[in-house]
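Chemist: Need coordinates for the below:
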Amino acid sequence: MGEEWGPFVPVATSNGVTLDFATIPGESIVMQHYAFLISDEEFDAAFGRIREQGVTYYADPHLKQPGEINHHHGGRGLYFMDPAGHGMEIITRPYGNEE
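Modeler: Below you'll find the model as predicted:
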């Protein structure tokens, strides 16, 4: 963890990304959506862990297509909820990519 700056506590990940977490009262937290652009190999590994752990996943952000992945933008993607109720998305191609 890095040095706190205002309400933020930075947490560095092993891939060089830093996530800045805000320290706010728990009752102020609302659901958020987090999308992660990852490689095909990382998707395979993450998808394997999601299935092994029995996490329900969806092809769409409205959670209407359970047990499916999407192939938007020439890649693969899926959505799932984390234990705190936040929406997670993993994709292998950026939005708008039409390779």
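Chemist: Where do the helices of the protein begin and end?
Modeler: Assigned by DSSP state H, the helices in the chain fall at 40-52.
Chemist: any low-confidence regions in it?
Modeler: 1-2, 23, 26, 98-99 (pLDDT under 70).
Chemist: Kindly recompute the last result at 80.
Modeler: By pLDDT under 80, the low-scoring segments of the chain are 1-8, 20-29, 97-99.
Chemist: Show me where it has its strands.
Modeler: Under the criterion DSSP state E, the chain contains strands at 8-12, 18-22, 33-37, 57-58, 77-81, 87-91.
Chemist: how many neighbours does the closest residue to residue 58 other than its chain neighbours have?
Modeler: For residue 58, ignoring the flanking residues on the chain, the nearest one in space by Cβ to Cβ, 6 or more residues apart in numbering is residue 79 at 4.7 Å. All C-beta atoms are positioned from the backbone trio N, CA, C, and that covers glycine. Look at residue 79: counted by other Cβ atoms under 10 Å, it has 23 neighbours.
Chemist: Next, the contact list for residue 79, please.
Modeler: Counting by Cβ atoms under 8 Å, 6 or more residues apart in numbering, residue 79 touches 57, 58, 59, 60, 61, 63, 87, 88, 89.
Chemist: hey, what's the second one bridged with?
Modeler: Beta-bridge partners of residue 58, counted by DSSP bridges, are residue 66, residue 79.
Chemist: can you pull the contacts of residue 61?
Modeler: So residue 61 contacts 33, 79, 87, 89 (Cβ under 8 Å, 6+ apart).
Chemist: let's see it at 7 Å
Modeler: By Cβ atoms under 7 Å, 6 or more residues apart in numbering, the contact list for residue 61 reads 79, 87.
Chemist: go on, residue 60?
Modeler: Neighbours of residue 60 in contact, by Cβ under 7 Å, 6+ apart: 70, 79.
Chemist: quick one: it from residue 20, how far?
Modeler: For residue 60, the distance to residue 20 equals 29 Å [Cβ to Cβ, to the nearest Å].
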